[in-house]
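**Student:** compute the structure for the input listed below.
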Amino acid sequence: MAVETTDLMPADLMPADLVSVPPYLTDLRRAEQALLAAELSTTPADRYLAAHLAAMRTAVTVLAVRARPRHSSGPADVWQVLAHLAPEFGEWAAFFAAGRQKRLLVQAGATALVSEREADDLLRDAQDFHDLVARRLAAAWRRRRREVRAGT
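**Tutor:** Numbers count the residues shown, from 1 in each chain. Okay, here's the model as predicted:
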């Protein structure tokens, strides 16, 4: 799923904002906690659900960086919004969105729907998605810091 990215950092960041840690770090840490919970899960269903949660938290991190506040007509699907606002993650959004129905069924108690292998595969995919987002956010953060220091 190698797709070139556009800048993930808001262009209106002020130089003072670039002195501290990146603002998205807390959100990424929450996604990492969900990944750890998935790794420590004792059942495939729990691992599957925690991996989905980690992927959603990773997507929300991208949206928090990319999105501009606006009034909406109600809740939106995180995967649709991600594909719209960050098209470079569109394949990931489609992949995780495709598992929505199964996730809802497992949450409702149909735990036998998830095999050990499927849960492990989803955990690896969620980790890959998280790592890709983390790398791109860090690269954009470093690039923006250099630009601010250079006065551009």
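**Student:** helices and strands around the longest helix along the chain, which ones?
**Tutor:** Ranked by residue count under DSSP state H, the longest helix found in the chain is helix 116-150. Packing partners of helix 116-150 (3 or more C-beta pairs under 8 Å, 6 or more residues apart in numbering; DSSP states H and E): helix 25-40, helix 44-66, helix 90-98. To be clear about C-beta, it is placed using only N, CA and C from the backbone, and glycine gets the same treatment.
**Student:** so it versus helix 25-40, what angle?
**Tutor:** 160 degrees (axes from the mean of the first three to the mean of the last three C-alpha atoms, to 10 degrees).
**Student:** starting at the chain centroid, how far to helix 116-150?
**Tutor:** Relative to its chain's centre, helix 116-150 lies at 8 Å (C-alpha atoms, centre = their mean, to the nearest Å).
**Student:** over to stretch 98-109?
**Tutor:** How far stretch 98-109 lies from its chain's middle: 19 Å, per C-alpha atoms, centre = their mean.
**Student:** residue contacts, the closest residue to Phe129 other than its chain neighbours?
**Tutor:** Nearest residue to Phe129, sequence neighbours excluded (C-beta to C-beta, 6 or more residues apart in numbering): Trp92, at 5.1 Å. By C-beta atoms under 8 Å, 6 or more residues apart in numbering, the contact set of Trp92 is Met1, Ala55, Ala59, Leu82, Phe129, Leu132.
**Student:** swap in 10 Å and give it another go.
**Tutor:** Applying C-beta atoms under 10 Å, 6 or more residues apart in numbering, we find Trp92 in contact with 1, 3, 55, 58-59, 62, 79, 82-83, 86, 125-126, 128-129, 132-133.
**Student:** which PyMOL command selects the buried ones in these?
**Tutor:** The PyMOL command for the buried members of the contacts of Trp92 (criterion: 16 or more other C-beta atoms under 10 Å) is given here:
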select buried, resi 55+58+59+62+79+82+83+86+125+126+129+132+133
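**Student:** for the residue positioned nearest the centre of the chain, give its distance to Leu137.
**Tutor:** Centroid-nearest residue in the chain: Thr58, 1.8 Å away (criterion: C-alpha atoms, centre = their mean). Thr58 is 10 Å from Leu137, where distance means C-beta to C-beta, to the nearest Å.
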